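Asker: 3D model of this:
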Amino acid sequence: MIKRTMTGIVITLVVYFVIAFSHIPQVTLAATAALSAAAVLELFHATGKCRNKGLKYGCAIAAIILTFLPFPKYELLLCILFPLSAALFVWMMVRQQHCTYDKVWKTVMTALAVVLLFQAIPQLRQVENGLYYLLMAVTLCFVTDVAAYLIGSRFGRHKLIPKVSPNKTWEGSAAGIAASVLTMLLFGWWWKANGMGSCAWLILYAVTASVVSQFGDLAMSAVKRIGGVKDFGSFLPGHGGILDRFDSHLFCIAYTLLFCIFTGGYLV
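Answerer: Residues are numbered from 1 along each chain as shown. So this is what the prediction gives:
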């Protein structure tokens, strides 16, 4: 627990450091590139395709290059990518006992979906009030994870989806949503004092984004189950790999960008 806590503190400091300097595009792009490349390497490990080193490292390098390429129509791409990726991972959760990563193209396609979803990070930062949106999304993921873990491990009795993630419970999930709503209301209170924001939109965002955040966690758990591994890696002591820590951010930040697009930015 001490190791997990200390690692969590370091991760939090690094993440908020990046957000603090995210007005410098290169900082956000570099962080996204690092996340994307690490995700690719961990996916090749989790799906048992590490032997194909040329393809593995080639895909990781491609993920870095992709991050620094311009995405003029990324919002349109995300409108298609998000529901398709969500449907793919739902199918994997339902059919995990019959799914395999026997073909390398399956790993490549999963990695491509993950990398493209992570590109929402710099895209979200570039929109009007992007700093606030990015801060909200990252904080919501953190609060959801912590509340779900603490309450679920202490009071959880009813399993959420035991075949995908046996330790997650309905009680923990509800706690994550409740904590997210309270946190977003605090954001709303601060913004109201500065003449910004709408509490109604914040509550709607908090509930839906917390659910999406937990979905991202479950989606990556399904990948691990199919691949037959406990963690994506060991880079983060007590947490596992990069994807073990940032799985909830995968869909949540992309969802936040879509939420801003379709609601006209009423959160701030």
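
Asker: give me every residue that touches residue 29.
Answerer: Applying Cβ atoms under 8 Å, 6 or more residues apart in numbering to residue 29 gives the contacts 67-68, 122. (Glycine included, C-beta is placed from N, CA and C.)

Asker: can you tell me which of those residues are in helices?
Answerer: Among the contacts of residue 29, the members falling in helices (DSSP state H) are 67-68, 122.

Asker: Please indicate which of those are buried?
Answerer: Among these, those buried by neighbour count (16 or more other Cβ atoms under 10 Å) are 67, 122.

Asker: from the ones in helices among the contacts of residue 29, which is closest to residue 45?
Answerer: Nearest to residue 45 among the ones in helices among the contacts of residue 29: residue 67, at 20.5 Å, using Cβ to Cβ.

Asker: Quickly note the distance from the closest one to residue 258.
Answerer: Taking Cβ to Cβ, to the nearest Å as the measure, residue 67 and residue 258 are separated by 19 Å.

Asker: what residue ranges in this structure score low on pLDDT?
Answerer: Scanning the chain for pLDDT under 70 picks out the ranges 1, 191-197, 238, 265-268.

Asker: go with 80
Answerer: Along the chain, segments meeting pLDDT under 80 span 1-5, 8, 50-51, 189-199, 234, 236-239, 264-268.

Asker: Okay, helices next: where are they in it?
Answerer: Ranges of helices in the chain, per DSSP H, are 2-20, 25-46, 53-68, 74-94, 104-118, 120-126, 130-155, 170-193, 199-227, 242-263.

Asker: CSV please, covering those and showing distance to residue 162.
Answerer: As requested, the helices of the chain are arranged in CSV below (distance: least, Cβ to Cβ, whole Å):
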stretch, distance to residue 162
helix 2-20, 22
helix 25-46, 20
helix 53-68, 32
helix 74-94, 12
helix 104-118, 23
helix 120-126, 30
helix 130-155, 13
helix 170-193, 11
helix 199-227, 11
helix 242-263, 18
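
Asker: for those helices, which one sits closest to residue 235?
Answerer: helix 242-263 (6.1 Å).

Asker: Show me what that closest one is packed against.
Answerer: Contacts defined by 3 or more Cβ pairs under 8 Å, 6 or more residues apart in numbering; DSSP states H and E place helix 242-263 against helix 25-46, helix 74-94, helix 104-118, helix 120-126, helix 130-155, helix 199-227.

Asker: Go again with 10 Å.
Answerer: If you count contacts as 3 or more Cβ pairs under 10 Å, 6 or more residues apart in numbering; DSSP states H and E, helix 242-263 packs onto helix 2-20, helix 25-46, helix 74-94, helix 104-118, helix 120-126, helix 130-155, helix 199-227.

Asker: Nearest to residue 246, out of the ones you listed?
Answerer: Ranking those by proximity to residue 246 (Cβ to Cβ) places helix 25-46 first, at 6.2 Å.

Asker: in the closest one, what counts as buried?
Answerer: So, applying 16+ other Cβ under 10 Å, buried residues of helix 25-46: 27-33, 35-46.

Asker: Could you do stretch 67-75 as well?
Answerer: Quick answer for stretch 67-75 (16+ other Cβ under 10 Å): 67, 71, 74.

Asker: Nearest to residue 102 among the residues you listed?
Answerer: Nearest to residue 102 among these, with distances taken as Cβ to Cβ, is residue 67, at 29.2 Å.
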